[in-house]
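# One predicted model, sequence on top.
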Amino acid sequence: MGWLSASTIVAALLSIALLVLFVVVEKRAKDPVLRLEVFSDGPWLGANMTMLLGSAGLVASLFTLSFFLQRGLSINPVASGLAFLPTSVVFVLTTNLSSRLVSRLGARSLVASGSIAMAAGFLLYSRMESPSQFLALYIGGSLLTGLFGLEIPMLFLVAVAGVEPVHRGVASGLLNTSQQVGAALGLAIATMVGSMARARLAGGSGEGGPFAAAAPREGFIVCAGFLVTAVLVAISLMGQKNRPPEATL
């Protein structure tokens, strides 16, 4: 429809109006769903922003990679799904490992490490510009991307650690909301950038065939950008003061 279409403009204005209305209502409510003062808590805000940015990169990368596998390599949907197994296995293993490492390294270090590894994986994916490069770069990128599992439990830990027990359910719910919002934004942005890149390639000489036409370079660079920003947020906002003694799990 385009950025300046009536549908796009009306939807954007309505979204902004609803967000402003939500803030006004919550400020005036005697028992608000969201206590706005939590935004002054650095670790809590850092955990939510890191979750938003990490989810943006992760979900956008899944779509971009799936598109690339099917359009660039002509792999069927079932095989494309199985190609995500290395990332999934590493993710599960590191999710369990992070709870054992937090007492030694701290939550912030694990979150930053997971984001850096994931950004590196996306940058490897962005180098897949010819069939001869694919296998080595894909395996390396898949293993690095799975290290995102290091930070997921830590984000929940930081998000609820400094919150009163009665509000921890809301704090956990807000982190899930950040995850969903980040996924939607990341997918929209990366898809837009990827579509523009493919349109530019289609208007050129057409050399390289389907592989080049589906090249994921720009989309994965956007995904890596989300994770680099997440690292900066984690370092600047997620201090160690909110890590409770029982964080050894």
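Sure, I can see it. Only a predicted model underlies this, so the values are computations on that prediction, with no experimental measurement involved.
# Out of the helices and strands in the chain, which is least certain?
helix 209-213 (a mean of 50; mean pLDDT, DSSP states H and E).
# Just give me how far the next helix or strand along the chain from that helix sits from the chain centre.
Downstream of helix 209-213, the next assigned helix or strand under DSSP states H and E is helix 217-237. On the basis of CA atoms, centre = their mean, to the nearest Å, helix 217-237 sits 8 Å off its chain's mean C-alpha point.
# Counting by contacts, list what helix 217-237 packs against.
Helices and strands touching helix 217-237, by 3 or more CB pairs under 8 Å, 6 or more residues apart in numbering; DSSP states H and E, are helix 42-71, helix 107-125, helix 168-202. C-beta here means a position set from N, CA and C on the backbone, and glycine is covered the same way.
# I'd like to know which elements the second one is packed against.
To tie it back to what came earlier, the one meant is helix 107-125. Short answer (3+ CB pairs under 8 Å, 6+ apart): helix 107-125 packs on helix 42-71, helix 85-105, helix 131-146, helix 152-161, helix 217-237.
# Please export the C-alpha coordinates of that helix as PDB.
Extracted in PDB, the C-alpha atoms of helix 107-125 (Å, rounded to 0.1, in the frame of the first residue of the first chain):
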ATOM      1  CA  ALA A 107      23.200 -11.900  34.300                       C
ATOM      2  CA  ARG A 108      24.400  -8.900  32.300                       C
ATOM      3  CA  SER A 109      27.500 -10.700  31.000                       C
ATOM      4  CA  LEU A 110      25.400 -13.700  29.800                       C
ATOM      5  CA  VAL A 111      22.900 -11.400  28.100                       C
ATOM      6  CA  ALA A 112      25.600  -9.500  26.400                       C
ATOM      7  CA  SER A 113      27.400 -12.700  25.300                       C
ATOM      8  CA  GLY A 114      24.300 -14.200  23.900                       C
ATOM      9  CA  SER A 115      23.500 -11.100  21.900                       C
ATOM     10  CA  ILE A 116      27.000 -10.800  20.600                       C
ATOM     11  CA  ALA A 117      27.000 -14.400  19.500                       C
ATOM     12  CA  MET A 118      23.700 -14.100  17.800                       C
ATOM     13  CA  ALA A 119      24.800 -10.900  15.900                       C
ATOM     14  CA  ALA A 120      27.900 -12.800  14.800                       C
ATOM     15  CA  GLY A 121      25.700 -15.600  13.500                       C
ATOM     16  CA  PHE A 122      23.600 -13.200  11.500                       C
ATOM     17  CA  LEU A 123      26.700 -11.600  10.000                       C
ATOM     18  CA  LEU A 124      27.800 -15.000   8.900                       C
ATOM     19  CA  TYR A 125      24.400 -15.600   7.300                       C
END
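# State the mean pLDDT of it.
Here helix 107-125 scores 91 as its mean pLDDT.
# Kindly report the same for the last one.
Taken as a whole, helix 168-202 has a mean pLDDT of 85.
# List the buried residues in that helix.
170-171, 174-175, 178-179, 182-183, 185-187, 189-191, 193-194, 197-198, 201 (16 or more other CB atoms under 10 Å).
# Distance from the chain centre to it, please.
Worked out by CA atoms, centre = their mean, helix 168-202 lies 7 Å from the chain centre.
# the inter-axis angle of that helix versus helix 217-237?
Calculated by axes from the mean of the first three to the mean of the last three CA atoms, to 10 degrees, helix 168-202 forms an angle of 150 degrees with helix 217-237.
# Quick one: list the elements packing against helix 168-202.
helix 42-71, helix 152-161, helix 209-213, helix 217-237.
# so which of those gets nearest Ala119?
Ranking the helices and strands packed on helix 168-202 by proximity to Ala119 (CB to CB) places helix 217-237 first, at 3.7 Å.
# returning to what we had before: for the helices and strands packed on helix 107-125, which one sits closest to Val23?
Across these, closest to Val23 is helix 42-71 (CB to CB), at 15.3 Å.
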